[in-house]
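*Asks:* missing the sequence, but the structure's below:
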């Protein structure tokens, strides 16, 4: 398992009984985590520093319970890159810290390429990967269907004084189809597809049924001198070997790094946080 490195503003303080206790800069949050099926010796909610606790509702969904005063939004850093943090619906904060595993690899590949690199970030959420790639020197096209998430991504770009990101609010598959018709290509493709979703016209996306075809489609916008393709899978439960197989079948065998990714905790264990598959050309 690969673990995220170089965090100073973020740490997992403890885990147990379906929850994780985290420090995000100056605030401590307690959130649900489906991977945490083990017990904790001491109730995490008893932490005296706890600012907010995300509580699941029996009818589905949930809400934040605020226990101590805190800002509505604040900033944390990974290395010299800043990210805006804000507790949102369904337990999220706008950032997945374990993705630092991928950020470091992207940075190294882009900087070592020795040429201009065009990156396409699909299902791009609040733009952490877009900002990291742009900071490394790439020109980035950021695509997400949620206007609200794209606005958050723009804020992350502003925090880092980055202007070489093109933001697109669109369905990722439809955007790819239009780029194919336009003849546009990219040297690197990043994607973090959801487990389930519906398109603007009711089209159903289920990752186990849709991912292979979608990756095949993205191959058509890859340049003649590709650098890498990166697939992340957080909530889907897909094994790293599944990502290896898809990348091999679509782009050819060899130079594929697929693994679980996780976060080291102050308890001395590693919290699993999904999988990634990285094809390097």
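*Replies:* Here it is on my side, so go on. These figures come from a predicted structure and were not determined experimentally.
*Asks:* give me the element residue 107 is part of.
*Replies:* Per DSSP states H and E: residue 107 is located in helix 100-112.
*Asks:* What is the helix or strand following that helix packed up against?
*Replies:* Moving toward the C-terminus from helix 100-112, the next helix or strand (DSSP H and E) is strand 118-122. Judged by 3 or more CB pairs under 8 Å, 6 or more residues apart in numbering; DSSP states H and E, strand 118-122 is in contact with helix 128-135, strand 139-144, helix 172-182, strand 188-191. To be clear about C-beta, it is placed using only N, CA and C from the backbone, and glycine gets the same treatment.
*Asks:* one step back: show me what the helix holding residue 107 is packed against.
*Replies:* By 3+ CB pairs under 8 Å, 6+ apart, helix 100-112 packs against helix 128-135, strand 188-191, strand 228-233, strand 256-264, strand 270-280.
*Asks:* which of the residues in the helix or strand hosting residue 215 are buried?
*Replies:* Element membership for residue 215, per DSSP H and E: helix 207-219. Going by neighbour count (16 or more other CB atoms under 10 Å), the buried part of helix 207-219 is 207, 210, 211, 214, 215, 217, 218.
*Asks:* quick one on the thing from earlier: can you tell me which of the helices and strands packed on strand 118-122 is packed in deepest?
*Replies:* Mean neighbour count (mean count of other CB atoms under 10 Å) peaks for helix 128-135 among the helices and strands packed on strand 118-122, with a mean of 26.
*Asks:* where does this structure have low pLDDT?
*Replies:* Scanning the chain for pLDDT under 70 picks out 196, 198-205, 235-236.
*Asks:* run the last query once more with 80
*Replies:* Counting by pLDDT under 80, the chain contains low-confidence ranges at 58, 60, 195-208, 235-237.
*Asks:* ok, back up a step: mind checking the helices and strands packed on strand 118-122 for the one nearest to residue 263?
*Replies:* Closest approach to residue 263 among the helices and strands packed on strand 118-122 is made by helix 128-135 (14.9 Å; CB to CB).
*Asks:* Would you mind measuring the gap between the ends of stretch 111-124?
*Replies:* Distance between the two ends of stretch 111-124: 21 Å, counting by CA to CA, to the nearest Å.
*Asks:* re earlier: nearest to residue 238, of the helices and strands packed on strand 118-122?
*Replies:* Comparing the helices and strands packed on strand 118-122 by CB to CB, strand 188-191 comes nearest, at 12.7 Å.
*Asks:* which other residues reach the closest one?
*Replies:* 102, 106, 109-110, 117-124, 129, 133, 138, 172, 214-215, 218, 221-222, 226-232 (CB atoms under 8 Å, 6 or more residues apart in numbering).
*Asks:* Can you tell me the strand partners of it and which way each runs?
*Replies:* strand 118-122 (parallel), strand 228-233 (parallel) (DSSP bridges).
*Asks:* sorry, back to before: rebuild the buried residues of helix 207-219 as a markdown table, extending it with distance to residue 247.
*Replies:* Formatted as a markdown table, the buried residues of helix 207-219 follow (distance: CB to CB, whole Å):
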| residue | distance to residue 247 |
| --- | --- |
| 207 | 15 |
| 210 | 16 |
| 211 | 11 |
| 214 | 13 |
| 215 | 7 |
| 217 | 14 |
| 218 | 11 |
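*Asks:* What is the nearest of these to residue 76?
*Replies:* Using CB to CB, residue 207 is the member of the buried residues of helix 207-219 that lies nearest residue 76, at 29.1 Å.
*Asks:* still on that earlier bit, nearest to residue 21 among the buried residues of helix 207-219?
*Replies:* residue 207 (29.1 Å).
*Asks:* Now do the closest one against residue 223, distance only.
*Replies:* In this structure, residue 207 and residue 223 are 26 Å apart, going by CB to CB, to the nearest Å.
*Asks:* One more: residue 248?
*Replies:* Distance from residue 248 to residue 223, by CB to CB: 20 Å.
*Asks:* what's the answer for residue 143, then?
*Replies:* Distance from residue 143 to residue 223, by CB to CB: 17 Å.
*Asks:* if I pick the closest residue to residue 276 other than its chain neighbours, what's in contact with it?
*Replies:* Nearest residue to residue 276 in three dimensions, chain neighbours excluded: residue 232, at 5.1 Å (CB to CB, 6 or more residues apart in numbering). By CB under 8 Å, 6+ apart, the residues touching residue 232 are 99, 102, 190, 191, 192, 274, 275, 276.
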